[in-house]
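Student: here is a sequence together with a model predicted from it:
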Amino acid sequence: MRRNLSELEQKIILLLKRNSRMSIVDMASELGTSRITAKKALDSIISSGRIKKFTISLADEEKDMVLLYTDSLENIPGNLILERFSLIDGSYMVILYYEDLIKIKKTNIKRVEIATSRESYENMKRVENIRCDYCGKEIKNNPISVEIRGKTYYLCCPNCERDIKKRGEMILEEDSRH
């Protein structure tokens, strides 16, 4: 059974979903913690096995793909598969580049869908025990993130988002007067 992630660990995961190559120094700065604390939290996440891999996404790799539904992966070369989903009925959905579809031979293809683009989101529905950086209330749904002066704040609702942005604007106004 997996242990629950701390609030700091969950916030680090949110940052890494936005930029998987973010440095520990930048994470610590955005989260308002020390570099050592951020490093320990990241090491804990990695050692727990929660992070499967760190990766980058190229714009050219996000278009002209095929969603292929099949009962067997036997005749689909693994090096062509971008993503694979095992479905509840025992079949598979795989994502390939459109141009690789012709390389598949003798496979029982149930259905093919052509996708013109793929988008990934920072959507993290499985957050637990993260508190709003403005009002302190536990965030039940997806946190709203706002960046102010290089720091990321996680908020529970549009009202807290509006209020923290106002506070950030006032701080910026004060800084410009000094």
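Tutor: On my side now, so go ahead.

Student: ok, which stretches of this structure are helices?
Tutor: 7-18, 24-31, 35-48, 158-177 (DSSP state H).

Student: what is the third one packed up against?
Tutor: Right, the one you point to is helix 35-48. helix 7-18, helix 24-31 (3 or more C-beta pairs under 8 Å, 6 or more residues apart in numbering; DSSP states H and E). Any C-beta I mention is one placed from the backbone N, CA and C, and that applies to glycine too.

Student: of all those helices, which one is nearest residue 50?
Tutor: helix 7-18 (7.4 Å; C-beta to C-beta).

Student: buried residues, the closest one. List them.
Tutor: By neighbour count on 16 or more other C-beta atoms under 10 Å, the buried set for helix 7-18 is 7-16.

Student: would you agree residue 24 is in contact with residue 42?
Tutor: Yes - under the criterion of C-beta atoms under 8 Å, residue 24 is in contact with residue 42, at a separation of 6.6 Å.

Student: more crowded one of these two?
Tutor: Per other C-beta atoms under 10 Å, whichever of residue 24 and residue 42 has more neighbours is residue 42, with 21 against 18.

Student: report pLDDT for the more buried one.
Tutor: The model reports residue 42 with a pLDDT of 92.

Student: quick check: the closest residue to it other than its chain neighbours vs residue 91, distance?
Tutor: Counting by C-beta to C-beta, 6 or more residues apart in numbering, residue 12 is the residue found nearest to residue 42 once chain neighbours are left out, at 5.7 Å. As for residue 12, its distance to residue 91 is 36 Å (criterion: C-beta to C-beta, to the nearest Å).

Student: do the same with residue 34
Tutor: Counting by C-beta to C-beta, the gap from residue 34 to residue 91 is 49 Å.

Student: least confident of the helices and strands packed on helix 35-48, on average?
Tutor: Looking across the helices and strands packed on helix 35-48, the weakest by mean pLDDT turns out to be helix 7-18, at a mean of 86.

Student: looking at residue 34 and residue 91, which one has more neighbours?
Tutor: Higher neighbour count among residue 34 and residue 91: residue 91, with 16 against 11, using other C-beta under 10 Å.

Student: let me know whether the more buried one touches residue 70 as I believe.
Tutor: Yes - counting by C-beta under 8 Å, residue 70 is a contact partner of residue 91 at 6.5 Å.

Student: between the two, which contacts overlap?
Tutor: Between them, residue 91 and residue 70 share these contacting residues under C-beta atoms under 8 Å, 6 or more residues apart in numbering: residue 110.

Student: mind giving me the domain ranges of this protein?
Tutor: As given by automatic domain parsing, the domain ranges for the chain are 1-54, 59-117, 131-178.

Student: using CSV, lay out the helices of the chain together with distance to residue 108.
Tutor: Listed next are these as CSV, based on distance: least, C-beta to C-beta, whole Å:
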stretch, distance to residue 108
helix 7-18, 36
helix 24-31, 46
helix 35-48, 39
helix 158-177, 49
